[in-house]
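[1] the following block contains a protein sequence and its predicted model.
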There are 2 protein chains.
Amino acid sequence: MPVTNKRRPTIHDVARASGVSRGTVSRALNGDPYVSTAALAAVRRAVAETGYVVNRAARSLVTQRTGTVVMVLSEPQEKLFEDPNFSVLLRVATRRLAQRDVALVMMVAGDDGDRERVVRYLRGGHADGVLLLSAHSGDPLLAELEGLSIPAVACGAVLGREGVIPYAAADDREGARQMAQYLVDLGRKKIATITGPLDTPGGLNRLEGFCDVLGRKAVKKLIAHGDYSRHSGEAAMRELLDRVPDLDAVFVGSDLMAAGALAVLRERGRRVPEDVAVGGFDDSAIAGSTHPKLTTVRQPLEQVATETVRLLLELIDGADAVESLVLPTELVTRESA
Amino acid sequence: MPVTNKRRPTIHDVARASGVSRGTVSRALNGDPYVSTAALAAVRRAVAETGYVVNRAARSLVTQRTGTVVMVLSEPQEKLFEDPNFSVLLRVATRRLAQRDVALVMMVAGDDGDRERVVRYLRGGHADGVLLLSAHSGDPLLAELEGLSIPAVACGAVLGREGVIPYAAADDREGARQMAQYLVDLGRKKIATITGPLDTPGGLNRLEGFCDVLGRKAVKKLIAHGDYSRHSGEAAMRELLDRVPDLDAVFVGSDLMAAGALAVLRERGRRVPEDVAVGGFDDSAIAGSTHPKLTTVRQPLEQVATETVRLLLELIDGADAVESLVLPTELVTRESA
DNA sequence: GAATTCTCTGTGAACGTTCACAGTGCGGCA
DNA sequence: TGCCGCACTGTGAACGTTCACAGAGAATTC
């Protein structure tokens, strides 16, 4: 791999070096079966010799494909980037796409300006597909995406669009059921819950699952709302303690909020789990570092990310439609319940 | 913005719709001063009418510019993606680049295969510049980068290459001095430290700063090593307690390790800060959620990211060289010291 | 032995831009 | 009046691929 430094080698250079034509080089490089073994070998050697790398710009000019996928973050940035789940998603998606030699472009769609940029980028045909993160049903971006008819897949369901945007997600509802049932089985009588934002599938479905086990009416007064942030978990816990001083368990819709709830419980002198059992959701890194360690519901996030990418690649490869996936969760018992 | 759906409008369509030539449209779009106001207006209108978006592939084919920057993560993925500092860097960099309409591509360079992919991508001319994250001096990628002569800037110094790869970084050494001095001023007599990996600027410089204040020889037996992970913080704290049971303060090289240290101290029955004062480094989100809350050193990470991006853009815009930046840190006192 | 298929190859055109060049009026200046 | 420079415009070529097409032998079939 000598550094010519002067000019990047083109397919012409490879053709010359291998003694075949442009067309044959192209075929050899793209795995066309109609290439003689002799030609194939010559091309391979010439590629190594010249250090040739295909020019994607030229290729996508004619193929209309870019080898690029955009990950769109529709949450206000601060929130999402601090979500420990996000890094898992990003890590796995990057790796999976790299394996297929697809580049991952990050874009944020927090405000209108951002959104316009994303749409402009996609409308320009600069990406083959879109990976949606935490999109809300009301997100104006969704309508635009549909107009562009570009393959799009969501990581986690998009509420209200489950039928139209394929997704892979954890079974939030069943996970919440597992936790609620576990608290019941522990003999807890007054079980409260702190929800995530109810316009997200996680927020909504975890509450649904909780109600499935305990009965909707029975828990009416035992519900407080948060927004997944630690701070909101603290506020909600305070509210619950004021309203229901004799509660003996609480199922919190995310580990981060649960960490906030734990702090408030300590501050108010309740022992965990003796006085109040606490259950979280996510099994993120923080669950192992709270005091006491958090009993929680593990989401198979890596698998969710892997499957989301798989669905997207299938769509890009021409599949007419793909089926969404819901993956099972698992109860992880530690110290807090 | 009607959806023709058939074919993406090209610059020819805009030319026809506005009654001027291709060349004039191109000039109007790229801010060439030699365009009449009439032509400019006509082009603007035609662009809005047709929903035209420039085709980057075609453009970069002729300009040799891509409007893309690669963020290369050279740490084994797991470690980096869990680093709370990483999300800040990513968030800010994405935003800053988007403001300049530059796309950010994420690439991981954990093993040789990854690295080969990155080099191939860059050698193919698919990006205008590289943003290095947590690169080590021994990283084989660095040598390859130099061979490619592509603009590259690091977020945090690259040990041993400070002169050759420009960077923006926090003043780790001075920050460590601030913390060490603070612990001394509290009247602590036996001050230990848990370092980060010494092949990173953070690990090395924070130890240096610590020694600056306390004297290299005096602290010889009071040093334990970690790798920034929570787990390593626990192990190092145990080691220190076994070796120096009467220590009364410890400066930990990262908040995450400090969280681990706090857990061990509690487990061993030491009160914080009464028996042992604990200082962290980073002021990451976790610092506010440990118990007790962590006294730490705040790194101006957002600024570091902003400046890193600025340096890279300057290089891409043709600057021959840029000066690296070292930004001041700040002591944040909470409960642990 | 001729016709037909099969494998492999080279060639020209096209993708959508930008850039350099060659204009065209028009006003100012000698 | 003639000339020059200025502001603006249009045109052809080039960037590096892929794709469709056509053609050349070799192998197979009738």
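    Yes, it's here. These numbers come from a predicted model, not from an experiment.
[2] residue numbers of chain A in contact with DNA strand C?
    Neighbours of DNA strand C within chain A, by C-beta under 7 Å from any atom of the strand: A:19-24, A:27, A:33-39, A:58, A:61-62. All C-beta spots, glycine's among them, are computed from the backbone N, C-alpha and C.
[3] among these, name the buried ones.
    Among the residues of chain A next to DNA strand C, the ones that count as buried by 16 or more other C-beta atoms under 10 Å in any protein chain shown are A:20, A:24, A:27, A:35, A:39, A:61.
[4] how about the fifth one, what does it touch?
    In other words, residue A:39. Residue A:39 is in contact with A:18, A:20, A:24, A:28, counting by C-beta atoms under 8 Å, 6 or more residues apart in numbering or on different chains.
[5] next one: the first one
    Shown in contact with residue A:20 (C-beta under 8 Å, 6+ apart): A:28, A:39, A:42, A:43.
[6] again, but for residue A:313
    Contacts here follow C-beta under 8 Å, 6+ apart; on that basis residue A:313 touches A:100, A:102, A:129.
[7] of the residues of chain A next to DNA strand C, which ones also sit close to DNA strand D?
    Checking the residues of chain A next to DNA strand C against DNA strand D by C-beta under 7 Å from any atom of the strand, the ones in range are A:22, A:23, A:58, A:61, A:62.
[8] could those go into a markdown table alongside pLDDT and secondary structure?
    Putting these into a markdown table (pLDDT from 0 to 100; DSSP: H, G, I helix; E, B strand; the rest coil) gives the following:
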| residue | pLDDT | secondary structure |
| --- | --- | --- |
| A:22 | 94 | helix |
| A:23 | 93 | helix |
| A:58 | 95 | helix |
| A:61 | 94 | helix |
| A:62 | 94 | helix |
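[9] quick one: which of those residues is nearest to DNA strand C?
    residue A:23 (2.9 Å; C-beta to the nearest atom of the strand).
[10] ok, that closest one to residue B:134 distance?
    Residue A:23 sits at a distance of 44 Å from residue B:134 (criterion: C-beta to C-beta, to the nearest Å).
[11] quick one on the thing from earlier: which of the residues of chain A next to DNA strand C fall within helices?
    If you go by DSSP state H, the residues of chain A next to DNA strand C have A:22, A:23, A:24, A:27, A:37, A:38, A:39, A:58, A:61, A:62 in helices.
[12] strands of the stretch 201-337 of chain A, start to end?
    In the stretch 201-337 of chain A, the strands defined using DSSP state E, counting those that start in this stretch lie at A:223-225, A:249-252, A:277-279, A:296-298, A:325-327, A:330-332.
[13] tell me which of these sits nearest to DNA strand D.
    strand A:325-327 (30.7 Å).
[14] on that earlier part again, dump the contacts of residue A:313 into TSV; add pLDDT, secondary structure and neighbour count as well.
    As requested, the contacts of residue A:313 are exported to TSV (pLDDT from 0 to 100; DSSP: H, G, I helix; E, B strand; the rest coil; neighbours: other C-beta atoms under 10 Å in any protein chain shown):
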residue	pLDDT	secondary structure	neighbour count
A:100	91	coil	13
A:102	94	coil	19
A:129	96	strand	22
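[15] sketch out the low-pLDDT regions of chain A for me.
    Within chain A, the stretches with pLDDT under 70 are A:1-6, A:76-82.
[16] residues from it in reach of DNA strand D?
    So chain A meets DNA strand D at A:7-8, A:10-12, A:22-23, A:26, A:29-30, A:52, A:54-55, A:58-59, A:61-63 (C-beta under 7 Å from any atom of the strand).
[17] and the buried ones among those, selectable in PyMOL?
    Per 16+ other C-beta under 10 Å, the buried members of those correspond to this PyMOL selection:
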select buried, chain A and resi 8+10+11+26+29+52+54+55+59+61
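[18] which of the residues of chain A next to DNA strand D are close to chain B?
    Contacts with chain B within those, counted by C-beta under 8 Å from any C-beta of the partner chain: A:8, A:54, A:55, A:58, A:61.
[19] between the residues you listed, which sits nearest residue A:271?
    Of all these, the one with the least separation from residue A:271 (C-beta to C-beta) is residue A:54, at 63.9 Å.
[20] can I take it that that closest one is in a strand?
    No - counting by DSSP: H, G, I helix; E, B strand; the rest coil, residue A:54 falls outside a strand, being coil.
[21] secondary structure class for residue A:69?
    strand.
[22] for it, which non-adjacent residue is spatially closest?
    residue A:129 (4.8 Å; C-beta to C-beta, 6 or more residues apart in numbering or on different chains).
[23] pull the distance from stretch A:136-148 to the chain's centre.
    The chain centre lies 18 Å from the centre of stretch A:136-148; the measure is C-alpha atoms, centre = their mean, to the nearest Å.
[24] same question, stretch A:36-56
    Stretch A:36-56 has its C-alpha centroid displaced from the chain centroid by 38 Å (C-alpha atoms, centre = their mean).
[25] TSV for the contacts of residue A:39, including distance to residue B:314?
    Formatted as TSV, those follow (distance: C-beta to C-beta, whole Å):
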residue	distance to residue B:314
A:18	41
A:20	44
A:24	44
A:28	41
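[26] just name the closest of the residues you listed to residue A:199, please.
    Proximity of the contacts of residue A:39 to residue A:199 (C-beta to C-beta) peaks at residue A:28, which lies at 52.1 Å.
[27] ok, the spatially closest residue to the closest one that is not a sequence neighbour - how many residues close by?
    Closest residue to residue A:28 apart from its sequence neighbours, by C-beta to C-beta, 6+ apart: residue A:43 at 4.1 Å. Neighbours of residue A:43 under the rule other C-beta atoms under 10 Å in any protein chain shown: 25.
[28] tell me the secondary structure at residue A:43.
    helix.
[29] now residue A:98
    Going by three-state DSSP: residue A:98 is helix.
[30] relative to chain B, how far out is it?
    6 Å (C-beta to the nearest C-beta, to the nearest Å).
[31] gap between that residue and DNA strand C?
    With the distance defined as C-beta to the nearest atom of the strand, to the nearest Å, residue A:98 ends up 26 Å from DNA strand C.
[32] which residues touch that residue?
    Residues in contact with residue A:98 (C-beta under 8 Å, 6+ apart) are A:104, B:107, B:108, B:114, B:117.
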